[in-house]
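> This is the structure alone, sequence omitted:
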């Protein structure tokens, strides 16, 4: 096995994507990085826009994100509701190993791109379909925020810091593509795999479900060495979770080996960190091999 094949395991695999917005393009970006030859097919540009404007809504939300997601990936605009567009699409599919989609199952069926129809026309073509939920819930509308809310990952009124469901779904989709390609190489049979964004959020929520990140959990605030504290000119994220890191943190603060769940330990460490500047703490982290990262004060 060559170094190139290890670094680019999808080298020679041809993928066509119809997936819009973020999860599909993010997955395609990863697949290209793994060596796949990728083609993105988009709907025609919205009415009123330039004729060559992208048909993916992401280009309207964030042109910069759209450009980064599609760097090095050729794109075609096809009207899949027309006979001409359908013919062009199937010519491309005849040269591909896998189709990536993000339509609801009913929409795929209307376009003649459901699994049974694809099997009849392109028996060697695998399908990875990104949907919102599993079973009947695949037809329910939703986006990143609703899937996170369903999984209990939106505790207050603030929006999440990033699009966890979409990016987690992209990882699961790229994993599903790898699985389909490996299965074809071993069996010679194409396969259909479905990736649910609600499943991605359920996976991300597992630490919370296990109690790890709940307020009384080991990484939910109960462990004094795993918290965000105020410091003299900002904040410090401390992740001294393992016993040797916790002991080193206590030693740096002038504390004896302590019960990291004890209120007194929390109070002593808070006082120590509040008395130091970010620069002092960064130097301390370097000298004592401590896992911490300083931050500016929280915006108000």
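Everything's here; your move. What you see is a predicted model, and the numbers here were worked out from it, not measured in a lab. Numbers count the residues shown, from 1 in each chain.
> what pLDDT does residue 8 get?
pLDDT, residue 8: 88.
> ok, how many other residues are close to the nearest residue to it once chain neighbours are set aside?
Distances taken as C-beta to C-beta, 6 or more residues apart in numbering place residue 35 nearest to residue 8, at 2.9 Å, with adjacent residues excluded. In short, each C-beta sits where N, CA and C put it, glycine included. Counted with other C-beta atoms under 10 Å, residues neighbouring residue 35 total 16.
> pLDDT score for residue 35?
On the pLDDT scale, residue 35 is placed at 97.
> and it, what element?
Using DSSP states H and E, residue 35 is not contained in any helix or strand.
> ok, it - contacts?
Residues in contact with residue 35 (C-beta atoms under 8 Å, 6 or more residues apart in numbering) are 7, 8, 9, 10, 11, 12, 13.
> just checking, the last one touches residue 181?
Yes. With contact taken as C-beta atoms under 8 Å, residue 13 and residue 181 are classed as touching, separated by 5.6 Å.
> quick one: common contacting residues for those two?
Contacts common to residue 13 and residue 181, judged by C-beta under 8 Å, 6+ apart, are 97, 98.
> domain assignment for this structure?
Domain ranges of the chain: 3-207, 218-295, per automatic domain parsing.
> can you count the residues close to the nearest residue to residue 130 once chain neighbours are set aside?
Distances taken as C-beta to C-beta, 6+ apart put residue 102 closest to residue 130, at 4.3 Å, once the chain neighbours are dropped. Neighbours of residue 102 under the rule other C-beta under 10 Å: 25.
> next one: residue 69
22.
> Now name the helix or strand holding the closest residue to it other than its chain neighbours.
Nearest residue to residue 69, sequence neighbours excluded (C-beta to C-beta, 6+ apart): residue 25, at 4.1 Å. Here residue 25 is covered by helix 23-33, with elements defined by DSSP H and E.
> counting contacts, what elements does that helix pack onto?
For helix 23-33, the contact count by 3 or more C-beta pairs under 8 Å, 6 or more residues apart in numbering; DSSP states H and E identifies strand 14-17, strand 37-42, helix 63-69, strand 98-101, strand 126-131, helix 164-187 as packing neighbours.
> Just put those in a markdown table and tack on distance to residue 259.
Formatted as a markdown table, the helices and strands packed on helix 23-33 follow (distance: least, C-beta to C-beta, whole Å):
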| stretch | distance to residue 259 |
| --- | --- |
| strand 14-17 | 53 |
| strand 37-42 | 53 |
| helix 63-69 | 46 |
| strand 98-101 | 51 |
| strand 126-131 | 46 |
| helix 164-187 | 33 |
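> which residue ranges form the strands in the stretch 101-250 of the chain?
Taking DSSP state E, counting those that start in this stretch as the test, the strands found in the stretch 101-250 of the chain are 126-131, 192-196, 226-231, 234-239.
> quick one, which of the ones you listed is nearest to residue 212?
strand 226-231 (10.2 Å; C-beta to C-beta).
> which stretches of the protein have low pLDDT?
For the chain, residues meeting the criterion pLDDT under 70 lie at 1-6, 48-52, 300.
> Now the residue most central in space within it. Nearest residue, chain neighbours left out?
The chain has residue 167 as the residue nearest its centroid, 1.8 Å off, counting by C-alpha atoms, centre = their mean. Distance criterion C-beta to C-beta, 6+ apart; nearest residue to residue 167, sequence neighbours excluded, is residue 26 at 6.1 Å.
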